[in-house]
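[1] Need coordinates for the below:
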Amino acid sequence: METEGVSLPLIHEHVMMPWNDLRKGDCCGHLEAISDGYYCKSCDFFLHRKCGDSSEYIEHPAHFIHTLKLQSKPGHVCDLCGEGILHLCYRCEICDFDVHLYCVKHPPPEVIDISETHPHKLTLLKENIEFNCDAKCGKAGFGFPYKCHECDLAFHVDCVWNPSETKHPLEVNHTYHTLHPLKLLTSQPDYSDGKCRLCSRKIDRLFYHCSACDFSLDMRCVLNPPSHSILDLKAHAHQLILRPRLDSFTCNACGLSGDRSPYICVQCDFMIHQECLSLPRLININRHDHRVSHTSVLGVVNSVCGVCRQKVDWTWGGYSCLRCPGYVVHSKCAIRKDVWNGKELEGVPVEIEDIEPYVVIDDNTIQHFSHKEHHLRFHVNGHLWEENKCCSACTHPVRLQSFYGCIDCDFILHQNCAESPRKKWHVLHNERLTLVTSTGGFFFCDACHEVFNGFRYKCGDKKLDVQCGSISEPFVHPSHPRHPLYQMENKICNGCKKWDLKVLTCIESGCEFVLCFNCATLPQVVKHRVDDHPLSLCYGEGASDKYWCDICEKETNPSTWFYTSKDNRASFHTKCVLGDFAGLMPRSTIMFNHISLEVVLNNSISRPFCRICKLRCMYPVMLRMLGTSDIHVCSFFYCLWDVSLETLTSKVKIDR
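    Down below sits the predicted model:
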């Protein structure tokens, strides 16, 4: 097989690999007798080679007045055959005319004979007419039907002509079922389990079946059956033989059960799923910093999977890390689409690169990659609250944490932020992320969904703020110190009581504790002008009494997280304490809808009015329009989102 990728920008956005797989094409929705094509692993997209060779423009006899253009129009209907379009078609935008790609490659014949159901020959009309189909469907509509001129009857093309059935024999003899011939069927018998005997895939509409033995084969296994024997030293040291029968077994490669047609080694009592023959040998997964390799026997007793956190049977195959002896992963967990990027690394040398974020100058001094012009000095801070000094990485103030401060300027990094590696793997992305310093623009963190303009972990369109990007498994939070948390999906957060797609969950039996990334990164202690003392994060209470926020003066839900004062007599919404702009660096500038806005602290004696909501800005960080002294915005989502320059400056005299 060729190894170089193929780029077909008219058809698919990613580079695809040459592939030999007899399967239904995502291009045209049909099964081709020839299995040659192209495949994109990241999208699970298979393209027939014949479809890939399509021209961008064609002229078609059914629509000779205009040229048709190759386009992706899933959900449209072919005006020739009436079938739904799975992906590609040729389209005329002027006339709203679509031709299924399969109909272009395999046009229906001009005349057909269906003597079994109709006594006369049918002729394909070349004009778009309105008609009632006289076949079983009986539906009315527009199209290019087959017409019987003697009976004045019209039929949908797909109701009387099936190209898939016409090019396959009604009965075949197959090497994997020599007792009886297999007959071509289009509907599954009630007694059948609906799966192919050899590959266990769900049977498609067209398949071959033996009713005496309840033996079914899909078209892929009929036309391109698996080999009787295989010698693959990467999978097993001896020759493997296919056993084409229903048998329950445990796969030695993945440790999961199977119910049919394994490859077996008689002398070793070794059995393996057909799909496990292609398990990658060496890969990176987003849960671990090192490569993991597949082994036939894990050999690590009393271990748990590094992905699903369930017990691993050491006697079966799986993935392990050579540098971390106790780290193992189930075979099927390691190759999940949300864990593995689809790249086989066997034979690919390990990249040797420096991911350390700083160079040590002496015991108290470093040179950080984000601030190479000056050295940073270490400060142990256990008692000073530096509200006006903010970390350039996470943008949060120096709140009793140790930090590195520039010797020559006001550049500051929290100790934890300074130690963040320049490259790392993260549970929310399958490629390694790179730590990028602030570039002046803002972004929304893909984990906590907050607006941010500090350092970010980035790969392509994936962006995580430095705090969310630093979260790794197992994650321990002060609100749930008994058990570590692991990334899961689609759950309601215990902190804010809101549903989120990506959350951190306790996997201990009976414990249903869940945290979204927003709540997981809330500061434990903050300062606010409403109180002289720091406010502490409270993890909710079971009280039935009503609580009121002393900032917005609205009721709070005591079961959700909130901030409370030193004497616990006051409660505050977390959003009221932090606001929408807590992730923006004070004194920095952002652009929004062509408006230049400065990030300013709301620490003056008199709080300014927000230009949009007309209320006094209550959040600790707000935005001010550059070149003005009184045009402020207090919230991103409620006040700034739909703001234009005209609405912001209307009826306002701008100070220049």
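[2] What residue spans form the domains of this structure?
    As recorded under automatic domain parsing, the domains making up the chain are 1-107, 168-223, 229-277, 279-334, 362-418, 525-578, 589-649.
[3] so Gln310 touches Val304, yeah?
    Yes. Counting by Cβ atoms under 8 Å, Gln310 touches Val304, with 6.5 Å between them. C-beta coordinates here come from the backbone N, C-alpha and C atoms, glycine included.
[4] Doesn't Asp519 belong to a strand?
    Let me fix one detail, which is that residue 519 is Cys and not Asp. No. Under the criterion used here (DSSP: H, G, I helix; E, B strand; the rest coil), Cys519 is helix, not part of a strand.
[5] immediately after the helix or strand harbouring Ser536, which helix or strand?
    Under the criterion of DSSP states H and E, Ser536 resides in strand 535-538. Downstream of strand 535-538, the next assigned helix or strand under DSSP H and E is strand 547-548.
[6] Which neighbouring elements make contact with that following strand?
    When contacts are defined as 3 or more Cβ pairs under 8 Å, 6 or more residues apart in numbering; DSSP states H and E, strand 547-548 packs onto strand 555-556.
[7] Centre of the chain to the strand it packs on, how far?
    Between the centre of strand 555-556 and the centre of its chain there are 36 Å (Cα atoms, centre = their mean, to the nearest Å).
[8] ok so, going back, paired strands for the strand holding Ser536, with orientation please.
    strand 525-526 (antiparallel), strand 562-564 (antiparallel) (DSSP bridges).
[9] what's in contact with the last one?
    To tie it back to what came earlier, the one meant is strand 562-564. 526, 528, 535-538, 540, 547, 549, 556, 570-574, 577 (Cβ atoms under 8 Å, 6 or more residues apart in numbering).
[10] which one of these sits closest to Lys424?
    Using Cβ to Cβ, Leu537 comes nearest to Lys424 of the contacts of strand 562-564, at 26.3 Å.
[11] List the buried residues of the strand holding Ser536.
    For strand 535-538, burial by neighbour count (16 or more other Cβ atoms under 10 Å) applies to Leu535, Leu537, Cys538.
[12] rewinding a little: of Gln310 and Val304, which one has the most company?
    The neighbour count for Gln310 versus Val304, taken as other Cβ atoms under 10 Å, is higher for Val304 (17 against 10).
[13] And the pLDDT for Ser479?
    If you check Ser479, the pLDDT there is 94.
[14] Contacts only, for Glu59.
    Thr67, Leu68.
[15] Helix or strand for it, just tell me which one.
    Judged by DSSP H and E, Glu59 forms part of strand 57-60.
[16] so Ile551 sits in a helix?
    No. Remark: Ile551 does not belong to a helix; assigned using three-state DSSP, it is coil.
[17] what sits against it?
    Listed by Cβ under 8 Å, 6+ apart, the contact set of Ile551 reads His528, Val530, Phe572, His573, Cys576, Val577, Met618.
[18] Would you agree the third one falls within a strand?
    What that stands for is Phe572. Yes. Looking at Phe572 with three-state DSSP, it is inside a strand.
[19] my guess is it contacts Asp550, does it?
    Yes. Between Phe572 and Asp550 there is a contact under Cβ under 8 Å: 5.9 Å.
[20] Show me whatever sits in contact with both of these two.
    Contact with both Phe572 and Asp550 is made by residues Val530, according to Cβ under 8 Å, 6+ apart.
[21] Settle it for me: which of the two has more neighbours?
    Using other Cβ under 10 Å, the more surrounded residue of Phe572 and Asp550 is Phe572, with 25 against 19.
[22] Can you give me the distance of the more buried one to Phe562?
    Separation of Phe572 from Phe562 (Cβ to Cβ, to the nearest Å): 6 Å.
[23] what do those two both touch?
    Cys549, Thr556.
[24] any chance of the domains of the chain in a markdown table, plus distance to Cys148 and mean pLDDT?
    Shown next, in a markdown table, are those (distance: least, Cβ to Cβ, whole Å; pLDDT from 0 to 100):
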| stretch | distance to Cys148 | mean pLDDT |
| --- | --- | --- |
| domain 1-107 | 18 | 81 |
| domain 168-223 | 24 | 88 |
| domain 229-277 | 46 | 92 |
| domain 279-334 | 54 | 93 |
| domain 362-418 | 75 | 88 |
| domain 525-578 | 70 | 88 |
| domain 589-649 | 60 | 85 |
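[25] Can you get me a residue count around Ile94?
    Per other Cβ under 10 Å, the neighbour tally for Ile94 reads 10.
[26] Shouldn't it be within a helix?
    No. Assigned with three-state DSSP, Ile94 falls outside any helix and is coil.
[27] dump the residue contacts of the residue of the chain most remote from its centre.
    Distance from the C-alpha centroid of the chain, by Cα atoms, centre = their mean, peaks at Glu150 (56.6 Å). By Cβ under 8 Å, 6+ apart, the contact set of Glu150 is His120.
[28] Settle this for me: Gly258 is touching Gln274, isn't it.
    No. The pair Gly258 / Gln274 is not scored as a contact, 9.0 Å apart, by Cβ under 8 Å.
[29] which residue sits closest to Cys506, ignoring its sequence neighbours?
    Distances taken as Cβ to Cβ, 6 or more residues apart in numbering place Phe513 nearest to Cys506, at 4.1 Å, with adjacent residues excluded.
[30] Please report how far the one you found lies from Arg482.
    Phe513 is 9 Å from Arg482, by Cβ to Cβ.
[31] Please enumerate the shared neighbours of these two.
    In contact with both Phe513 and Arg482: no residue, using Cβ under 8 Å, 6+ apart.
[32] Can you verify my assumption that Phe131 contacts Asp152?
    No. Between Phe131 and Asp152 there is no contact under Cβ under 8 Å: 10.4 Å.
[33] With neighbour numbers in mind, choose between those two.
    Taking neighbours as other Cβ under 10 Å, Phe131 and Asp152 compare with Phe131 leading, 18 against 8.
[34] coming back round to it: right, and the domains of the chain - which one's nearest Ile507?
    Closest to Ile507 of the domains of the chain, according to Cβ to Cβ: domain 279-334, at 4.9 Å.
[35] Now do the closest one: distance from first to last residue.
    Domain 279-334 stretches 10 Å from its first residue to its last (Cα to Cα, to the nearest Å).
[36] For the residue nearest to Gly84 when sequence neighbours are not counted, the count of nearby residues, please.
    Excluding the flanking residues, the one nearest Gly84 by Cβ to Cβ, 6+ apart is Val77, at 5.8 Å. Neighbourhood size, Val77 [other Cβ under 10 Å]: 16.
[37] quick one, what contacts Val77?
    Taking Cβ under 8 Å, 6+ apart as the test, what Val77 contacts is Glu83, Gly84, Ile85, Asp98.
[38] What's the local residue count around the third one?
    If you count neighbours by other Cβ under 10 Å, Ile85 ends up with 22.
[39] measure it to Lys73 for me?
    Distance from Ile85 to Lys73, by Cβ to Cβ: 6 Å.
[40] Over to Gly82?
    Noted for Gly82: a distance of 15 Å to Lys73, by Cβ to Cβ.
[41] between these two, which one's more packed in?
    Between Gly82 and Lys73, counting by other Cβ under 10 Å, Gly82 is the more crowded of the two (20 against 15).
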